[in-house]
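A.B. asks: Make a model of this:
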Amino acid sequence: MVRPEYTRLGRCEVDTQWTCDISELHGFSASKSDLRDFATTDQMVEKNSREMISEISLKKLDENLAHREIRIIHSPGSDYFTRYRWDGRLWLMNSGGSHHTAAAKYIAARLGCQVPLSGKLYTYSLDPRAIASLCNDYRMFVISNDSEFQNAFSQAMRSFNATWLWHSMPRPYTDARAILLPRNESRSMHVAKALDTAGIADLGAHLTNLATRQDSFVMRQRIA
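C.D. replies: Sure thing, here's the model as predicted:
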């Protein structure tokens, strides 16, 4: 079954000429450091690259900004920015230079200097109406896409004579798939109850929560 909501769940807007200050960067898509270990870019550079911030000066700032792997400056068109409406933070989708960029941000903040960065901005958002429509008709879960698991799940569903739909998941969750269980079928709802009991990830609740956060964040932006 093809539902138009599938294609409307997410949207992407592209601003080809966007400028921000380096202070607005929350994080990076790639780094030699394990980004999961740090809550901020300052923490990363303080722990792993102290030599890059050994001196809080314009000279040290320029040294860091001159690093050729900061491609958003030195190779326009390769790196770009990403923002998610339900999150609000700004990410640099980089292929290198994370430590020097973080160091430049660190020093610029302490000097009170502005460092403009320019490039493409991709802004992703969710369609609350599409999410509500799917949640109205289905309980949605995320399960493993492992072939052995899928074979066992499919066999169990057929044996129970329960109806279900499935849909692939976007990157980086391609090792999982979405399962949609029709609310108007009692056997499918028995399966949903079993999945709830087993603690299987509730995709419908997750998407609804993201849409609510998105609305709240957009409202705060308008007020500001």
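
A.B. asks: Tell me how far the residue nearest the centre of the chain lies from Glu185.
C.D. replies: With the centre of the chain defined as its mean C-alpha position, the nearest residue by CA atoms, centre = their mean is Tyr84, 6.5 Å away. To Glu185, Tyr84 is 34 Å away according to CB to CB, to the nearest Å. C-beta here means a position set from N, CA and C on the backbone, and glycine is covered the same way.

A.B. asks: which of the residues in the helix or strand of the chain with the lowest mean pLDDT are buried?
C.D. replies: Scoring the helices and strands of the chain by mean pLDDT, DSSP states H and E places helix 5-8 at the bottom, with a mean of 83. For helix 5-8, the neighbour count (16 or more other CB atoms under 10 Å) marks Glu5 as buried.

A.B. asks: Next, give phi and psi for the residue nearest to the residue nearest to the centre of the chain when sequence neighbours are not counted.
C.D. replies: In this structure, Tyr84 finds its nearest non-sequential neighbour in Tyr124, 5.0 Å apart by CB to CB, 6 or more residues apart in numbering. Main-chain torsions, Tyr124, degrees, to the nearest 10: phi -100, psi 140.

A.B. asks: And Tyr124, what's its pLDDT?
C.D. replies: For Tyr124, the model assigns a pLDDT of 95.

A.B. asks: neighbours around it, how many?
C.D. replies: The number of residues packed around Tyr124, counting by other CB atoms under 10 Å, is 15.

A.B. asks: for the one 10 residues further on, same thing?
C.D. replies: If you count neighbours by other CB under 10 Å, Leu134 ends up with 22.

A.B. asks: who touches it in this structure?
C.D. replies: Counting by CB atoms under 8 Å, 6 or more residues apart in numbering, Leu134 makes contact with 3, 5, 9, 140, 180, 204.
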